[in-house]
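Novice: here is my input, please return the structure:
(chains A and B)
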Amino acid sequence: MLLRHTTADVMERTALTINPAKTCQPIGALYAALGVHNCLPHSHGSQGCCSYHRSTLTRHYKEPVMAGTSSFTEGSAVFGGQANLLQAITNMFAMYNPDIIAIHTTCLSETIGDDIVQIIAKAREEGKVPPGKHLIHANTPSYIGSHVTGFSSMVKGLVTYLAENSGRKRNQINIIPGWVEPADMRELRRLSRAMGINPNIFPDTSDVMDAPQTGRHEFYPRGGAPIEEIRHAGDSRATLALGPTASEAAALALEEKCEVRAETLELPIGLVATDRFINALRHRSGIRVPGFITDERGRLVDMIADMHQYFYRKRVALFGDPDQLVSLTEFLVTLDMRPVYIVTGTPGKRFETRIREALGDAVPEAQIRQGAQADMFLLHQMIKKEGVDLLIGNTYGKYIARDDDIPFVRFGFPVIDRVGHSYFPTVAYTGGMRLAEKILSVIMDRQDRNAPEESFELTM
Amino acid sequence: MKPNPHTVKEQLLSALPKKSARKRAEQIVVNERRPDGSVPEIKANVRTTPGAITQRGCTYAGCKGVVIGPTRDILSITHGPIGCGFYSWLTRRNQTRPEGPDDANYIPYCLSTDMQDEQIVFGGEKKLRAAIEEAYELFHPKAIAIFSTCPVGLIGDDVHAVARDMKEKLGINVFGFSCEGYKGVSQSAGHHIANNQLFRHVVGTNETPRPEKFKINLLGEYNIGGDAFVIEDLLERCGITLVSTFSGNSTYDAFANSHMADLNTVMCHRSINYVAEMMEKKFGIPWIKVNFVGAEGTAKSLRHIAQYFNDAELTERVEKVISDEMTDVLKTQFAVRSRCEGKTAMLFVGGSRAHHYQMLFAEMGMKTVAAGYEFAHRDDYEGRRVLPSIKVDADSRNIEQLEVLPDETRYMPRRGPDELVQLEAAGMDVAAYQGMMPEMEDGALVIDDIYHFETERLLEIYKPDIFCAGIKEKYAVQKAGIPCKQLHSYDYGGPYAGFRGAINFYNEIDRMVNTKIWQYVQAPWETEEELEVEELAS
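Specialist: Numbering: from 1, shown residues only, chains lettered A, B, ... in the order given. Reported below is the predicted structural model:
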C-alpha cells in the first residue's frame, strides 16, 4: 500500500494539512499571465517559488513556461525587494523584450510588505520601462486563498491596469473563461462566434500552452489575449464571467471601472451548464442557435442515453477546485450518478450552497468539505469508511485509486502523469462527450477486469 | 563550421546591461587544461541576477526536496503556506522500498501547517506545535523533521525551540531546519543546512555494532528512477555492506547507525560533501569520490572500494561482477555507436550530473561541447584543490558552518595517514574531487547558472544533437527541434546508474537523437512551390 498509514478513523485536526486539495496563489497568477500575448510573468519572491510554479505548469502542459523571478536573498528579505525588482525589470526588458510584465507577489514579499505599486511607479520614474510597455501586478500572498484565487487576482489585475472605457461601445462581449485548458478556451471562442458573438476572451492560453511544433521556440507564442483587446474590454457590451471563484472578481471590477455589465455563470462543463451558457449567448446576440450546436447537444444526450445503465446510481468521490467541482457535480447528477464526497482546499463563500444547488435533491447523503483540513487525506478516510465506484480529481488521486482499487478519471490541475489532456476540451457539449466517455471507459474496464470468465462479455 | 567559443561568449553577453555583463562574463569560461593540471577560474555559487530566467530553485528545495525528502520514515512537516509542501510532494521521483508491509513510508504524504494570514500576524509556533502533535497522533513516527519556508524566519518563529519541546514531550526525535527559501543563492544552501542537521541530530545516535567486514556508506545518491536499487544490488553481489545511503531508499535508523561504516563514498559531491567531511573529523571515517554513472565510472568506483579494503577475495568478487556486467554493456555500446558516434551534447543541470553524465555520452562516442551546473561551487568545476582560494561572500557566510571535533570516545581513524597517501598514489580520490573542467576538452564552453537567454543562443549557434537539462527547459529546447533529456527526473525513465543503468541510458539517447519525429515538423506543402492555377484546375 502506498498510503499505508491512512485509516478510516477520522481524527479531528485543527492545524495539520495532509495531502492538500489546493496549492498556493502565485501559480494561478502565473498561469493567468500566460494567457496574455507577449507577456512575461514575474514572481516577486525567492527563486524557488518561480521554479516550482514553472515546473508544475510545465509538467501539466508539456509546454515551455517562461517567467522571471526577483531572486530574493537574505539581504533583500531584510532590506526589501525593491532593488531586486527594479533590476529584474531592466534585465527582462533587455533580454526578453516583453510588451508587458505581469508581476505577482509571494508570501515572502508580502510578509515584508513590499509595495509593488510604488516600485512600479519608481521603475517608470527611473526610465526602466521602455515606451509603450506595461507593468501590471497582483497581490498573491500564499498564506491566503489558493491557486484559484491567485488566478482570479491576476485576471482582475488585467482589468484594473489595462481596461479602459473610451466612451465608444464596441460590438463585442467579454468572456472571462476561468482556469480552464487552452483547448477549452478555443472551444469557447468557436461556440461564441457560432452564436453570433464577437468574443473578447481573456486570459486566453490557447496557442500559448498548446503551441504547435514549428522547429522554432517562439518565446512569446502566437496566442494570448492582445493587450489592446484587454484595453477594449472596457468598451464591450457586457462581460460573461465563467466560474464565480476564478472569474467574477475581474468581471465586477470591470463593471465598476468601465460600466460594462457583468454576468456570472457556472463553468459550462456538462449538459445543463452548457445549455445555460448557450442560452446566455443567445440572449446577447439575439440569434437562433445554429443547427450544428443543437446537433452537438443532441449527440451528447444520445450518448448519455446509451451509457446510462452503467452510470446509474454509481457513487463518486471528487476533489479539486470550486468552479470545476460545482459544474462537474451537476453533470454527474445529470448522468444519474451520485457524487457523495466533494472536497476542495480552496476557501471562499457560497461553495457549499452552489454544490447543494447542483445536487438538487438527488444525493442527500453527499458530504461536502471545504477549506482548512479539507484535504485528500480526509477524502481518503471518507472513502475508506464507505467506498465509491469512481474517483475524479488531479494526478495525486492515483495513489488513493491504486490503494483502494477505484476507477479513476484524471480531471483538474495538475495532471502530470498523462500527456495530451490539455488538447481536448472538457467544456461545452463536445467536452461533455469527452468526459462521459472517459468516465464510462474506466468503469467498464473495471467491469471487464473483474468479470469471471463465464460472464466476460463481448458486447456491452 | 565549429563555432569559436570566445565569439560565442561575446554573443551570450550581448543583451545584458553593461554592468551585469561584466559580472556575468566571469561565469562563462572557455575551458583550457593547463600543463600543471589547472583550469581557468569560473565564478560560481553567486547570486543570479534578478529577471534572468534561471534554472535555480531555493534553499527549501535543496533541503527538504533533495536531501531529506527521499528518507521514507522521517515524517516531514513543512511549516509555511501550502505551496512549498505541495510542490515538493512526490515530484522528485525518489523511489523507496519499505522492507515489509507494516514498515513506515511517509513519502506519499505531504504534511503542512498551511500557514494563514493569522499566523503571519500573530506567529505560527502555536499552529506548528499543534500540527506536530496531530502528526504524531496519526502516524507515530520515529522522527519528525520540520522545514521552514520563507515567512517562518521573517515572523520569527523558532522552529528549533518547538522541536526541542516536542522531542521532550513526545519522546521521539524532532528536529528543525532553518531552510527558508531566501537563504543562500540556490538549492545549494539547503543541502548544507540539511547536512548540518542530519549530522547534529541523527548521525551517530544508534550504536548497534555492525559485524560485517566491508562496510560503506553511499553519500549523495537519491534513488531517482531506482538508481540506488541498481547500486545496492551491485554492492551486495560484490559482498560490500551498505550501512546507509544519504539518502536514496534510506531510513532513519540507517542514518543513525552510519558511523559504523569504515568508508564513505561520495556520489554527488555538491549536495553531501559536508556530511562526509564532518564524519571524517568526528569519527575518523575517510571518504573517497566515486561515480556510479557510466560503466567505466562504475567499474572504477567498485575497484577503488575493493582497493580500500585490500582484500583478495573482495577484489576477485568485484572483478567477477564487473566482467559479468561488461559483456552486455559492450554489446549495447557497440550497437549504439554506429548511430550516435560523433554527435554532440550539452549538459546544464544540477551540481554533479552535468559532469557525471558526460562519461555516459563519451562511452557512446558522443562529444560534450558545453556544460555547466545549476547550483555548484567552484570546487565542483575546478576541483577541490581550489577550496582555499574560494572567497566566502555574504550569502555563504549566512549558512552555518559546524565546528566538528574528534569524538572523545568514538573517533577511530580507519586508515593511517600513510595508508591514505598510498591509496591516493594508486589513483583514488581520497577526500578529493577533481571537478568537471579537467575532464572536458579544451575549447568547450562552461557556463554557470545558465540563463534562458543563453540557452536559446547556444541552441541556435551549436545546434547540438541533444541538450540535457530539467523540466523547465525541456519543452523550449524541443520546440527548437532538438531533443532534451531531463537529467533530474530522467523523463520518468531510468535507472541510469551502474552497468544496467548505462545500458538504459545508451538506448534512451540512441532513441532520442535518432527519432524520426523532427523530420515531420514541416508540412509537405510548406516546402513546395505555390501551386499554379492550371494545376488547381486539373
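Novice: how about the strand or helix carrying B:R24 as PDB, C-alpha atoms only?
Specialist: Element membership for B:R24 (DSSP states H and E) is helix B:18-25. The C-alpha trace of helix B:18-25 is given here as PDB (Å, rounded to 0.1, in the frame of the first residue of the first chain):
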ATOM      1  CA  LYS B  18      27.000  46.600 -19.300                       C
ATOM      2  CA  LYS B  19      27.500  46.200 -15.500                       C
ATOM      3  CA  SER B  20      25.600  42.900 -15.400                       C
ATOM      4  CA  ALA B  21      27.500  41.700 -18.500                       C
ATOM      5  CA  ARG B  22      30.800  42.400 -16.800                       C
ATOM      6  CA  LYS B  23      29.900  40.300 -13.800                       C
ATOM      7  CA  ARG B  24      28.300  37.600 -15.900                       C
ATOM      8  CA  ALA B  25      31.400  37.200 -18.000                       C
END
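Novice: chain center to it: distance?
Specialist: 28 Å (CA atoms, centre = their mean, to the nearest Å).
Novice: for that helix, enumerate the helices and strands it packs against.
Specialist: helix B:5-13 (3 or more CB pairs under 8 Å, 6 or more residues apart in numbering or on different chains; DSSP states H and E). No exception for glycine: its C-beta is placed from N, CA and C like everyone else's.
Novice: follow-up on the earlier one: give the buried residues for the helix or strand following the helix holding B:R24.
Specialist: Next helix or strand after helix B:18-25 toward the C-terminus (DSSP H and E): strand B:28-30. If you call a residue buried by 16 or more other CB atoms under 10 Å in any protein chain shown, then strand B:28-30 has these buried ones: B:I28, B:V29.
Novice: residues in contact with the closest residue to B:F147 other than its chain neighbours?
Specialist: Leaving aside its sequence neighbours, B:F147 sits nearest to B:K64 (CB to CB, 6 or more residues apart in numbering or on different chains; 4.3 Å). By CB atoms under 8 Å, 6 or more residues apart in numbering or on different chains, B:K64 lies in contact with B:S76, B:T78, B:C84, B:S88, B:A145, B:F147, B:F177, B:C179, B:G190, B:A194.
Novice: again, 7 Å this time
Specialist: B:S76, B:T78, B:S88, B:F147, B:C179 (CB atoms under 7 Å, 6 or more residues apart in numbering or on different chains).
Novice: quick check: residues of the stretch 151-300 of chain B near chain A?
Specialist: Neighbours of chain A within the stretch 151-300 of chain B, by CB under 7 Å from any CB of the partner chain: B:P151, B:L154, B:I155, B:G181, B:Y182, B:K183, B:V185.
Novice: tabulate those residues (JSON lines), appending neighbour count, secondary structure and pLDDT.
Specialist: Putting these into JSON lines (neighbours: other CB atoms under 10 Å in any protein chain shown; DSSP: H, G, I helix; E, B strand; the rest coil; pLDDT from 0 to 100) gives the following:
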{"residue": "B:P151", "neighbour count": "27", "secondary structure": "helix", "pLDDT": "98"}
{"residue": "B:L154", "neighbour count": "18", "secondary structure": "helix", "pLDDT": "96"}
{"residue": "B:I155", "neighbour count": "16", "secondary structure": "helix", "pLDDT": "97"}
{"residue": "B:G181", "neighbour count": "35", "secondary structure": "coil", "pLDDT": "97"}
{"residue": "B:Y182", "neighbour count": "29", "secondary structure": "coil", "pLDDT": "97"}
{"residue": "B:K183", "neighbour count": "27", "secondary structure": "coil", "pLDDT": "95"}
{"residue": "B:V185", "neighbour count": "26", "secondary structure": "coil", "pLDDT": "97"}
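Novice: need the max-distance pair from these.
Specialist: B:I155 and B:V185 (23.0 Å; CB to CB).
Novice: so B:F467: helix, strand or coil?
Specialist: Following DSSP: H, G, I helix; E, B strand; the rest coil, the label given to B:F467 is strand.
Novice: no, scratch that, I was asking about B:K282
Specialist: Classified using three-state DSSP, B:K282 is helix.
Novice: count the neighbours of it for me.
Specialist: 19 (other CB atoms under 10 Å in any protein chain shown).
Novice: now for it: which residues touch it?
Specialist: B:V404, B:P406, B:D407, B:Y411.
Novice: ok so, going back, which of the residues of the stretch 151-300 of chain B next to chain A lies closest to chain A?
Specialist: B:G181 (3.5 Å; CB to the nearest CB).
Novice: what subset of the contacts of B:K282 is buried?
Specialist: Looking at the contacts of B:K282 with 16+ other CB under 10 Å, the buried ones turn out to be B:V404.
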